[in-house]
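Participant: sequence plus the predicted model coming up.
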Amino acid sequence: MIEIRGLKKRLSRKQVLDGLDLDVHTGETLVVLGPSGTGKSVLLKHIIGLMAPDEGSIRIDGQEIVGLKEGALNRVRRRFGMLFQGAALFDSMTVGENVSLAMLEHQNGMTPDEVGRRVRERLEWVGLKDAGGMKPASLSGGMRKRVGLARALALDPEYILYDEPTTGLDPITADVINQLIRDLQKQLNVTSVAVTHDITSAYTIADRIVLLYDGRIVFSGTPDETRGTRDPMVRQFIEGSSRGPIQPL
Amino acid sequence: MANGLTGEEVALRGFRFLRSRAGDALAEIGRVSLLIGEMLQLLVRRLPAFRLLVQQMNAIGVDSLWLVIVVSLFTGAVAAVQAAYQFTAVVPLKFLSAVIMRSVVIELGPVLTALVIGGRVGASIAAELGTMKVTEQIDALRAMGINPVRYLVAPRVTAAIIMLPILTIYADAIAIFGGFVVAVNVVGVSAATYMQGLREYFYLKDVMSGIVKSLFFGGIIGTMGCYYGFQTEGGAEGVGKATTGAVVTSCVLVLILDYILASILFRVVFA
């Protein structure tokens, strides 16, 4: 379980997170919706300790991670997998090397054969079992995301964080990624946090949807509750209107 | 005054500007020191993975060899032409090879090698790490629980410290050979005289001083490339700035440190 309390972060004179409270329950898939530039990615980076808050607390299964030293944070991070917005594949390495890196670096007593088998398995999960020898530069956007997902799954994470998993993809490829996320979650029973502004993606993958605005969570509900809500901010976001309580940047 | 400012206000603004610049410079030195400190701490605990180190030694050293060969060949050749010209009617030409050799191994070999490698390698390290930074690849490493200083910085800096002295030894030999070709074929010194000059005036401490300098230059080039790469913000423009910053800073630091090391080596250590 992830418990976030009173999280505050100021970036270049803008109060990006302003006393944010959020719980992510074990086993659920939480989608954080919000307009661009509201600090959704910043929130994810706080959860995995890539950014440190100005104030507030983040507990992972009861362990406070704010203020941890890099070494201790690294142990926490190994329980996470993260899919970055642009996939952030290491472009000097092949697809297979990208997926195997964490396994090799954290040498969990795995033999090279085991690593190879696991890499093939992860790539098979995302439907790219023959892509191991390719370089990231030769992949399409959708394939890059899938490799990024295979890489995030390398160490059997308990938590997976998705930063805009469908941004920049065509609607069909986006749906492929959404289904993949959904299937993997059922199969692996992980706890997930996805941030997105893609409402279709949110409906497909979420158990619960929250809306981030002005540095706080202003709405929380199931996908059905979200569809039926009268909350003017959520309505404006779902309908995609520039008029309403949410001020476009 | 222009803009309706009094002299005092202009002075105050100037003072504030200088103060903020000095503050920026201090902050910069602090950040570089922190990076070096973290790297040393990591290196003491565990040496970089052999595979990563060899990869970087290849990229920094072996791939730079042709550049170093061309630069040092012509450095030696120019040294021969210039020295012969300055010797005219003052110094006998039998000293030509000694002057070429000593100026090459003490100064020209290590410094010119450091400057061209600073350009080639410093820029490529800064551009590579800078691109990794802006495409979140460095965040991705950290998110996997891999320390980017251990994984990216330590192998690069170590490889630069190992390879710069080796490149400098090549540069020394090739520059002396370049001087030989010009001295014998253009200036008209006999091969035997050239070789005799080399033998008579060879001092090991000259070579050692050049090697010691190049160790430090390697450290500067590797560290500055990595530091500017890690500081990169905001896309292609940021990567461009990082690259320029790495090259300019390493070249300036190489020349400043060259003076400091020369003073220490020749006035204290070898005095």
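Facilitator: That came in fine, so what should we check first?

Participant: and the one helix or strand B:Val252 maps to, which residues are buried?
Facilitator: Element membership of B:Val252 [criterion: DSSP states H and E] is helix B:235-264. Within helix B:235-264, the residues scored as buried using 16 or more other Cβ atoms under 10 Å in any protein chain shown are B:238-239, B:241-243, B:245-247, B:249-251, B:253-254, B:257-258, B:261. Where you see a C-beta, it was placed from the backbone N, CA and C, and this is true even at glycine.

Participant: same for that helix, what does it pack against?
Facilitator: helix B:109-117, helix B:123-134, helix B:204-231 (3 or more Cβ pairs under 8 Å, 6 or more residues apart in numbering or on different chains; DSSP states H and E).

Participant: other SSEs contacting the first one?
Facilitator: Yep, that's helix B:109-117 we're talking about. Applying 3+ Cβ pairs under 8 Å, 6+ apart, we find helix B:109-117 packed against helix B:65-87, helix B:154-182, helix B:204-231, helix B:235-264.

Participant: isn't A:Val126 up against A:Ala152?
Facilitator: No: contact criterion Cβ atoms under 8 Å: A:Val126 and A:Ala152 do not qualify, at 9.9 Å.

Participant: neighbour count winner among those two?
Facilitator: Counted by other Cβ atoms under 10 Å in any protein chain shown, A:Val126 and A:Ala152 do not tie: A:Ala152 has more neighbours, with 28 against 24.

Participant: surely the more buried one touches A:Met82?
Facilitator: Yes: taking Cβ under 8 Å as the definition, A:Ala152 is a contact partner of A:Met82 at 5.7 Å.

Participant: point out where chain A drops to low pLDDT.
Facilitator: Counting by pLDDT under 70, chain A contains low-confidence ranges at A:249.

Participant: please enumerate the strands of it.
Facilitator: Taking DSSP state E, the strands of chain A run over residues A:2-11, A:14-24, A:29-33, A:55-60, A:63-64, A:80-83, A:159-163, A:191-196, A:208-213, A:216-221.

Participant: got the buried residues for the helix or strand of chain B with the lowest mean pLDDT?
Facilitator: Of all helical and strand segments in chain B, the minimum by mean pLDDT, DSSP states H and E falls on helix B:7-45, at a mean of 87. Buried residues in helix B:7-45, counted by 16+ other Cβ under 10 Å: B:32, B:35-36, B:38-39, B:42-43.

Participant: so that helix versus helix B:154-182, what angle?
Facilitator: Per axes from the mean of the first three to the mean of the last three Cα atoms, to 10 degrees, the angle that helix B:7-45 makes with helix B:154-182 is 100 degrees.

Participant: would TSV of the strands of chain A with distance to chain B and mean neighbour count be doable?
Facilitator: Shown next, in TSV, are the strands of chain A (distance: least, Cβ to the nearest Cβ, whole Å; neighbours: other Cβ atoms under 10 Å in any protein chain shown):
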stretch	distance to chain B	mean neighbour count
strand A:2-11	12	17
strand A:14-24	16	18
strand A:29-33	17	24
strand A:55-60	13	18
strand A:63-64	15	11
strand A:80-83	4	26
strand A:159-163	8	25
strand A:191-196	13	25
strand A:208-213	20	23
strand A:216-221	23	16
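
Participant: what sits closest to the residue nearest the centre of chain A if chain neighbours are left out?
Facilitator: Residue closest to the average C-alpha location in chain A (Cα atoms, centre = their mean): A:Tyr162, at 1.7 Å. Spatial nearest neighbour of A:Tyr162, excluding adjacent residues (Cβ to Cβ, 6 or more residues apart in numbering or on different chains): A:Ala194 at 3.8 Å.

Participant: the one you found: what's it in contact with?
Facilitator: A:29-32, A:161-162, A:165, A:181, A:201-202, A:205-206 (Cβ atoms under 8 Å, 6 or more residues apart in numbering or on different chains).

Participant: tell me the confidence at the residue nearest the centre of chain B?
Facilitator: For chain B, the residue nearest the mean C-alpha position is B:Ala114 (3.1 Å; Cα atoms, centre = their mean). Looking at B:Ala114, its pLDDT reads 96.

Participant: what residues are up against the nearest residue to it once chain neighbours are set aside?
Facilitator: Take B:Ala114 and drop its neighbours on the chain: the residue closest to it by Cβ to Cβ, 6+ apart is B:Phe217, 3.6 Å away. By Cβ under 8 Å, 6+ apart, B:Phe217 lies in contact with B:110-111, B:113-114, B:117-118, B:164, B:254, B:257-258.

Participant: domain assignment for the chain?
Facilitator: Looking at chain A here, since you left the chain open. Following automatic domain parsing, one gets these domains for chain A: A:27-51+A:64-79+A:159-249, A:86-156.

Participant: I was after chain B.
Facilitator: Taking automatic domain parsing as the domain assignment, the ranges for chain B are B:1-46, B:53-269.
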